[in-house]
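[1] Attaching a predicted model along with its sequence, questions to come.
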Amino acid sequence: MEKILHQPLGGNEMPRFGGIASMLRLPHLASPAGLDAAFIGIPLDIGTSLRSGTRFGPRQLRSESVMIRPYNMATGAAPFDSLSVADLGDVAINTFNLLDTVRLIEEHYDRVLEHDVTPLTLGGDHTLTLPILRAMKKKYGKIGLVHVDAHADVNEHMFGEKIAHGTTFRRAVEEGLLDCDRVVQIGLRAQGYAADDFDWCREQGFRVVQAEECWHQSLTPLMAEVRERVGGGPVYLSYDIDSIDPAWAPGTGTPEIGGLTTIQALEIIRGCRGLDLVGCDLVEVSPPYDTTGNTALLGANLLYEMLCVLPGVTYR
């Protein structure tokens, strides 16, 4: 069967403010069959601990993606020339029950991963990464992780609950989902509940890059180290928008000052080129706190950049 190379709807075919909202104005399909990569929304915010609103993230990310064009003029990436890509819509979560929602997400991704497709997920709060990693484990075994975030998300519990957006990666370690020697966390900062809050990550074997290590410099050299550390097997990229300083990304649930810049965000994702990326997500965009739309605009562009570094992308 010949591969169908779906193309984003052009700005001269339909005004960018018109038409049905889909990620990058790609076709909205019901099945991942025949696709190389697929955008999937998870409209979830019942795992959040401060500001809500990330349930509206996928819709706003799609809306802000309308200006993104097919060719990456900086890197030469031409993802739609070689990959079959579409928008698969949203996971139908149970918005009244977080644990049931986690089950629904895992089962949804189990079905998606029956196909040879790379999911790029529009969040939604960071709870969603745990069930995705559970599905990934069944297909790939333990995987490496590039986790970009202001927070380590390794709490033992939150209000006594074992699963929430701040416990994701502790549960992932406990459940044997991660190859801990191939995990890097970038952008961690602010305050902790204890002086050794980040040390638990280091004790598991993670490379922890606190935000202060990133200040006033390009992250291109860091990403060479990251590729060396996490390469050699499948890797998942999980990108929390609160890793970016709130000057550029205020529309998020738990903002922290002193964060990464938008340029460093691009360096991080472009620095993942060459890794065996098997999935990516962009989480924690909260449109009610994003009055200008800039946070979602940034998130949509970062998702496009993730698409551009997937294996099999053609470069012009």
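    Thanks, I have the structure now. Computed from a predicted model, the values in this text were never measured in an experiment.
[2] Just list whatever residues bridge to residue 209.
    On the basis of DSSP bridges, residue 209 is bridged to residue 186.
[3] where exactly do the helices run in the stretch 51-200 of the chain?
    57-64, 79-82, 98-112, 129-140, 168-174, 199-204 (DSSP state H, counting those that start in this stretch).
[4] What is the fifth one packed up against?
    Using 3 or more CB pairs under 8 Å, 6 or more residues apart in numbering; DSSP states H and E as the contact criterion, the elements in contact with helix 168-174 are helix 129-140, strand 143-148, strand 178-188, helix 199-204. (C-beta placed from N, C-alpha, C; glycine too.)
[5] May I see the buried residues of that helix?
    Using 16 or more other CB atoms under 10 Å as the test for burial, helix 168-174 gives 168-173.
[6] Looking at those, spot the one nearest residue 181.
    residue 173 (11.8 Å; CB to CB).
[7] picking up where we left off before, what about the helices and strands packed on helix 168-174, which gets the closest to residue 248?
    strand 178-188 (12.8 Å).
[8] before we move on, the earlier item: for the buried residues of helix 168-174, work out which two are farthest apart.
    Among these, 168 and 173 lie farthest apart (CB to CB), at 10.0 Å.
[9] Find the nearest non-adjacent residue to residue 254, please.
    residue 50 (5.1 Å; CB to CB, 6 or more residues apart in numbering).
[10] what about the one you found, which SS state?
    coil (DSSP: H, G, I helix; E, B strand; the rest coil).
[11] hang on, the earlier thing: can you list the buried residues of helix 168-174 in JSON lines and add pLDDT?
    Formatted as JSON lines, the buried residues of helix 168-174 follow (pLDDT from 0 to 100):
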{"residue": "168", "pLDDT": "97"}
{"residue": "169", "pLDDT": "97"}
{"residue": "170", "pLDDT": "97"}
{"residue": "171", "pLDDT": "97"}
{"residue": "172", "pLDDT": "98"}
{"residue": "173", "pLDDT": "98"}
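[12] nearest to residue 141, of those residues?
    For the buried residues of helix 168-174, the nearest to residue 141 is residue 172 (13.5 Å; CB to CB).
[13] so what's the closest one up against?
    Shown in contact with residue 172 (CB atoms under 8 Å, 6 or more residues apart in numbering): 129-130, 133, 145, 178.
[14] redo that, cut-off 7 Å
    130, 133, 178 (CB atoms under 7 Å, 6 or more residues apart in numbering).
[15] just residue 37 next, same as before
    Neighbours of residue 37 in contact, by CB under 7 Å, 6+ apart: 83, 85, 117-118, 120, 307, 310.
[16] ok, now with 10 Å
    79, 83-86, 117-120, 277, 279-280, 306-307, 310-313 (CB atoms under 10 Å, 6 or more residues apart in numbering).
[17] partner residues bridging it?
    residue 85, residue 118.
[18] Spatially central residue in the protein, please.
    Nearest residue to the geometric centre of the chain (CA atoms, centre = their mean): residue 281, 1.9 Å.
[19] Out of the helices and strands packed on helix 168-174, the one nearest residue 266 is which?
    strand 143-148 (11.7 Å).
[20] partner strands of the closest one, parallel or antiparallel?
    Strand 143-148 is paired, per DSSP bridges, with strand 178-188 (parallel), strand 234-240 (parallel).
[21] Report the angle between it and helix 129-140.
    150 degrees (axes from the mean of the first three to the mean of the last three CA atoms, to 10 degrees).
[22] next one: strand 143-148 to chain centre, how far?
    10 Å (CA atoms, centre = their mean, to the nearest Å).
[23] what residue ranges in this structure score low on pLDDT?
    For the chain, residues meeting the criterion pLDDT under 70 lie at 1.
[24] Kindly provide the distance from residue 295 to residue 116.
    Distance, residue 295 to residue 116, using CB to CB, to the nearest Å: 33 Å.
[25] same thing with residue 285?
    Distance from residue 285 to residue 116, by CB to CB: 28 Å.
[26] out of the two, which sits in the more crowded spot?
    A direct count of neighbours by other CB atoms under 10 Å for residue 285 and residue 116 places residue 285 higher, at 32 against 11.
[27] Show me what the more buried one is bridged to.
    Where residue 285 sits in a bridge, its partners, by DSSP bridges, are residue 252.
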